[in-house]
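A.B. asks: A predicted structure for the sequence below; I have some questions about it.
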Amino acid sequence: MIVDAVGRTGRLLDIGCGSGQLLIRCAKASPGEYYGLDRWGEDWEYSRAQAERNAVLEGVPELHFVQGSASCLPFDEGQMQRVVSCLTFHEVRDVEDKTVGITEALRVLAAGGTFVFLDLFDDPRSYPGREHVLETIERAGGEIESARALPELLELRFPLGLGKVLGHAVLVAGTKRRAT
């Protein structure tokens, strides 16, 4: 779903890339310049090596892996044409307000670029509510094309459908407004 929704052209950033699986799938879908960012903590070198090895095994060795936090992305404003994040923003530990990562993601996204965020936006333990998240996206320049709860998009068998797992997950996709 995320790979199809984010489009096929332009520089892409995967925030919270972990072992690189989503980034690899995006890279295999279309040629381009791809960046994966993750905090990785003390295991940075090992985790980056794992992600790089996964990319080589999948035939896309040209991916770039960067250490950093979603709350302060080490990229210039408008540097990316596509930004994805899968179940990362609620995990950001260096800020209390989990929407800071969303604002940062939209900062580095170029006008007209596409974004797809999947996170636990309906989980009251992480966010004040989905409306707050959507308002944050709009204030940061995002135009929301869709915002749907993951259980509406696909069947989540037990225990995946539980709130503690993916029951609170929402997929939000859109573009960044062009300057007028």
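C.D. replies: That came through, no problem.
A.B. asks: Contacts only, for the nearest residue in space to Glu91 that is not next to it in sequence.
C.D. replies: The shortest distance from Glu91 to any residue other than its chain neighbours is 6.9 Å, reached at Gly16 (C-beta to C-beta, 6 or more residues apart in numbering). Any C-beta I mention is one placed from the backbone N, CA and C, and that applies to glycine too. Gly16 makes contact with Leu37, Asp38, Ala70, Ser85, Cys86, Leu87, Thr88, Phe89, Glu91, according to C-beta atoms under 8 Å, 6 or more residues apart in numbering.
A.B. asks: swap in Leu154?
C.D. replies: Counting by C-beta under 8 Å, 6+ apart, Leu154 makes contact with Met1.
A.B. asks: got a pLDDT number for it?
C.D. replies: pLDDT, Leu154: 78.
A.B. asks: ok, now how distant is it from Gly161?
C.D. replies: Distance of Leu154 to Gly161, computed by C-beta to C-beta, to the nearest Å: 10 Å.
A.B. asks: Tell me if I'm right that His168 and Phe121 touch.
C.D. replies: Yes. Assessed by C-beta atoms under 8 Å, His168 is found in contact with Phe121 at 7.2 Å.
A.B. asks: okay, these two: which has more neighbours?
C.D. replies: Phe121 (28 against 22; other C-beta atoms under 10 Å).
A.B. asks: Glu152 versus that one, what's the distance?
C.D. replies: When C-beta to C-beta is the yardstick, Phe121 and Glu152 sit 13 Å from each other.
A.B. asks: again, but for Asp43
C.D. replies: For Asp43 relative to Glu152 (C-beta to C-beta), the value is 36 Å.
A.B. asks: same check, this time on Ala27
C.D. replies: Counting by C-beta to C-beta, the gap from Ala27 to Glu152 is 28 Å.
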